[in-house]
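> Take this sequence and fold it.
(2 chains)
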Amino acid sequence: MAIPAHTPDDTFVQLLTPEGERVENADFPLDIPDDELRSLYRDLVLVRRIDAEATALQRQGELGLWAQLLGQEAAQVGAGRALISGDMAFPTYREHGVAWCRDVDPLRLLGLFRGTTNGGWNPADHGFALYAIVTGDQCPQAVGYAMGLQHDAAENAAMVFFGDGASSQGDVNESFIWASVFNAPVVFFCQNNQWAISEPLERQTRIPLFQRAWGFGFPGVRVDGNDVLACLAVSRQMMQRARDGAGPALIEAFTYRMGAHTTSDDPTRYRLDTDVEAWRLRDPLERVRSFLHKQQLVDDGFFAELDNEAELLAQRLRDGVRALPDPSTEEMFAHAYAEPHALVERQRDEYAQYLADFVAEDA
Amino acid sequence: MSNDLKFCLPDLGEGLTEGEVLRWLVAAGDTVAINQPLVEVETAKAAVELPSPYSGTVVALHAAEGDLLPVGAPLVTIASDVDTDGESGISPSDSVSAESEPHEGTGPLLVGYGVTESATRRRRRVGAPSPHGTERPEAGPPGEPVKPVRHGGLEVGRAAEAKFADIDASAVTARAKPPVRRLAKQLGIDLADVRPTGRDGTVTRDDVEAAAALQLAGKTSDGAARTVDGDRREPVRGVMRSMAAAMTESAATIPSVTEWVEVDVTRSAGLVDRMKGLPEYADTKVTPLLLVAAACLTALHREQRINAVFDAVAQEIVYRGAVQLGVAVASDRGLVVPHVGDAAALTLHELAVALADVVSRARSGTATPTDLVGGTFTITNVGVFGVDGGTPMITPGQSAILAFGAWRQKPWVEGDQLVVRTTSTLSLSFDHRFIDGATGSRFLRDVADILEEPALLHLWT
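Take a look at the predicted model:
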């Protein structure tokens, strides 16, 4: 029996080629207004700029760590823009592009990586859960949340993000089963960026990841993860399907992690530059830029203005990150329970008293 | 304005302590832009380029290629060409306020992760009380850090428990698991008001449901009713409140089934008419209710389980020593169910007098509390409202309730003849936990048989 070939191009949904040619897909039609196209491109550019600036800030000692998304902008913006009010996204620690689409100030992301907060935002305000550091544990949470939506008869769905590495986790596989048997309104969005830190995809799976879905009892789709239009179209359709009660789906966004796993990682130790170069030709931004240009959807000033906007954003992050306030000790007590708790209040007061005991002495 | 800014080697990889300068990419005198690569550094984890945090002119390099530098050591000094003040740029609507104080002692230099040195050191006042209560390890010489005594987690936990044992329990939010808290929230129950019966004083789901049944006052399970213009609110009080509580408890705690049967009550109707003319009954009211009550009393004697009650805690059936015959009465204040005490011991005449008495007192609102609680079986006459039957709800503390409908003329098949008879429908709900269909059906059939042939009252007693 033949195992399906491991070549993406045969199977994945693509609406915009790397050369910037629009192609149609009967299963996933996308009718998109010009201003939305421009705003998608704006998101891609700004998200890339946030990522680049955060990486530099880590190298300058302002952040303890940063997980780069370079190369995955289209997957994240495409998925993020498919969410509507009331939907809930469950990110890993790399979903800066989704965070942007959910209106989370990138400075809040920096706070987490600077260590001035353990969370950074209120998930309920943004429909965007806190970053999950433990690999895969956001998946059961998302399924539970989706089952809650079901109980509330809400016309919304959850979308959970994870990577090819997490696809081997028990948590993730259990989530597939729960989502399937309870028909939970959740879309599993796997960014297959080919590398789990230094572990290549062939150590995770012998078949294309999206095909696993059928074994769990729901559909799987592979999409060109560097094509923002395809990611948007497929995500929209699968989310609407989930909201309509048709149950879960798996989207495998076939992409590539152009940067390191995190700023603590050195990918030159385990992969070839030629691979990276091959993927550079599939850049998620270039194809949109080329399309906008060829279709004459933008005037001459558009790209320059956008670059300027990105630069201002970067400057705001640079200035803002240094001014991020240290958290007060109150904060760790404040979020232990949702409601006032006498025991915690007493512990907080005692700890405040303990800190007040310290006296300054000359260095 | 120009000012010299020093860039020190940061911790590049989550806890690294040093790095080797591999290659300088700038030299003194060079002009650099923000994020322009300055130097390549190799750590235990990776070789990386460090981008410049400042724009300006390189004043001095503080290390040579090949030098191994500790984290925090100066790398390069740059004469900045800008005042970095104020905010600029764009942000989503959810902008983080950056108005707060910058970090103490960090100045314009390296402020991030990795450098812990601050301008002033702080030490604990000698003799300050320990926040951990109990014993504090012997303090060393002043200025020396005090090493904490190592504890096992269990000991730490026990010590903390002991320390906080004096906290007023009522001040601590009631203990309950999250789903129970959610249920309480949905039902509008304050957990602090609920008597906990669970392990370790936790409030259980049953506790919350019981509290809800008691408290139910015009609220639905998902909270207060919404009103729109034109709606009217009326407080639920007194009798209606008791009815709401009793019916909620009934629905929540008694798994019941309902059966019904249509009966030819022509003979009973004739008997009622006859009795109305008897001088012995001239002092009281003779109604169809009297015959139904009499029929039930006889049938209850034959099926005693109907007059029993299920004790779910003890897992026992409690057979009542007497029939306290409840009668549902629609009063101006709402539904009340007074009862006739030890009804089976009464003669038919005594029963007639007693029924007339409790019904009239209930209607006029003068029923005593003893009349209203403690019934063991209930009859409800829905016929007075011109209806035929329904699915009556069992009064909590009882096991069955019989509804009888209007007595009306209807076509009836007798032998192979169609005749006009007076008929009525009997509906019986019973606690199916311990009264099976056979027992319930036998009882219902007995009542029906007596009403069809009242002579059975004598034959079966």
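> tell me the secondary structure for residue B:366?
What DSSP: H, G, I helix; E, B strand; the rest coil gives for residue B:366 is coil.
> how near is it to residue B:332?
Distance of residue B:366 to residue B:332, given as CB to CB, to the nearest Å: 12 Å. Where C-beta positions appear, they are placed from N, C-alpha and C, glycine not excepted.
> So in terms of bridging, what pairs with residue B:401?
Note on residue B:401: beta-bridge partners by DSSP bridges are residue B:378, residue B:429.
> okay, now it: neighbour count?
The tally of other residues near residue B:401 (other CB atoms under 10 Å in any protein chain shown) stands at 26.
> I figured it hits residue B:428, correct?
Yes - assessed by CB atoms under 8 Å, residue B:401 is found in contact with residue B:428 at 7.4 Å.
> show me what contacts the residue nearest to residue A:336 when sequence neighbours are not counted?
Excluding its sequence neighbours, the residue lying closest to residue A:336 (CB to CB, 6 or more residues apart in numbering or on different chains) is residue A:344, at 5.3 Å. For residue A:344, the contact set (CB atoms under 8 Å, 6 or more residues apart in numbering or on different chains) comprises A:333, A:336-337.
> Quick check: phi and psi at residue A:344.
Backbone torsions for residue A:344, taken as degrees, to the nearest 10, come to phi -70, psi -40.
> Compute the distance between it and residue A:335, please.
Counting by CB to CB, the gap from residue A:344 to residue A:335 is 10 Å.
> Could you do residue A:231 as well?
34 Å.
> Could you do residue B:392 as well?
52 Å.
> cool, and residue B:4?
41 Å.
> Compare these two and say which is more crowded by neighbours.
residue B:4 (14 against 10).
> For the stretch 251-363 of chain A, give me the ranges with low pLDDT.
A:360-363 (pLDDT under 70).
> which residues in the stretch 151-300 of chain A form helices?
A:170-181, A:212-216, A:228-243, A:273-280, A:284-294 (DSSP state H, counting those that start in this stretch).
> now the strands for the stretch 201-350 of chain B?
Under the criterion DSSP state E, counting those that start in this stretch, the stretch 201-350 of chain B contains strands at B:256-264, B:308-311, B:316-319, B:325-331, B:334-336, B:339-340.
> tell me what the fifth one is packed against?
Read that as strand B:334-336. helix B:238-253, strand B:325-331 (3 or more CB pairs under 8 Å, 6 or more residues apart in numbering or on different chains; DSSP states H and E).
> again, 10 Å this time
Where contact means 3 or more CB pairs under 10 Å, 6 or more residues apart in numbering or on different chains; DSSP states H and E, strand B:334-336 is packed against helix B:238-253, strand B:325-331, helix B:348-364.
> could you redo those as TSV and give each row mean pLDDT and distance to residue A:138?
As requested, those are arranged in TSV below (pLDDT from 0 to 100; distance: least, CB to CB, whole Å):
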stretch	mean pLDDT	distance to residue A:138
helix B:238-253	84	38
strand B:325-331	88	56
helix B:348-364	90	62
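> which ones are touching the nearest residue to residue A:82 once chain neighbours are set aside?
When the adjacent residues along the chain are set aside, residue A:82 lies closest to residue A:235, with 3.4 Å between them (CB to CB, 6+ apart). Contact analysis of residue A:235 by CB atoms under 10 Å, 6 or more residues apart in numbering or on different chains lists A:28, A:75, A:78-83, A:159, A:187, A:189, A:221, A:223, A:249, A:251, A:253.
> So which bits of the stretch 1-150 of chain A are right by chain B?
By CB under 10 Å from any CB of the partner chain, the residues of the stretch 1-150 of chain A that approach chain B are A:46, A:52-53, A:55-65, A:99-111, A:113-117, A:120-122, A:125-126.
> Can you select the buried ones from these in ChimeraX?
One line in ChimeraX is enough to select the buried members of these, burial here meaning 16 or more other CB atoms under 10 Å in any protein chain shown:
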select /A:46,52,53,55,56,57,58,59,60,61,62,63,64,65,99,100,101,102,103,104,105,106,107,108,109,110,111,113,114,116,117,120,121,126
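> So the chain: which segments form each domain?
Just going to use chain A. A:8-327, A:329-363 (automatic domain parsing).
> Oops, wrong one, chain B.
B:3-80, B:172-225, B:255-459.
> looking at those, which has the lowest confidence?
Ranked on mean pLDDT, the bottom entry among the domains of chain B is domain B:172-225, at a mean of 79.
> How about the contacts made by residue A:218?
A:176, A:179-180, A:183-184, A:186-188, A:238, A:241-242, A:246-250.
> Make a ChimeraX selection of the buried ones in those residues.
Selecting the buried subset of the contacts of residue A:218 in ChimeraX, with 16+ other CB under 10 Å as the burial test, is done by:
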select /A:176,179,180,183,184,186,187,188,238,241,242,247,248,249,250
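> give me the subset of the contacts of residue A:218 touching chain B.
Of the contacts of residue A:218, not one also sits near chain B (CB under 10 Å from any CB).
> quick one: which of the contacts of residue A:218 is nearest chain B?
Nearest to chain B among the contacts of residue A:218: residue A:184, at 18.0 Å, using CB to the nearest CB.
> you'd agree the closest one is up against residue A:142?
Yes - checked against CB atoms under 10 Å, the pair residue A:184 and residue A:142 is within contact range at 8.6 Å.
> Are there residues contacting both of those two? Which ones?
Joint contacts of residue A:184 and residue A:142 (CB under 10 Å, 6+ apart) are A:157-158, A:175, A:248.
> Mind checking which of those residues are buried?
The buried subset of the shared contacts of residue A:184 and residue A:142 (16+ other CB under 10 Å) comprises A:157-158, A:175, A:248.
> how many other residues sit next to the residue nearest to residue B:388 when sequence neighbours are not counted?
Closest residue in space to residue B:388, ignoring its immediate chain neighbours: residue B:405 at 3.6 Å, by CB to CB, 6+ apart. Burial of residue B:405, expressed as a neighbour count using other CB under 10 Å, amounts to 23.
> do you know how far residue B:405 is from chain A?
Between residue B:405 and chain A the distance is 39 Å, computed by CB to the nearest CB, to the nearest Å.
> And for residue B:381?
Residue B:381 sits 41 Å away from chain A, going by CB to the nearest CB.
> residue contacts, that residue?
Taking CB under 10 Å, 6+ apart as the test, what residue B:381 contacts is B:287-289, B:292-293, B:327-330, B:359, B:402-406.
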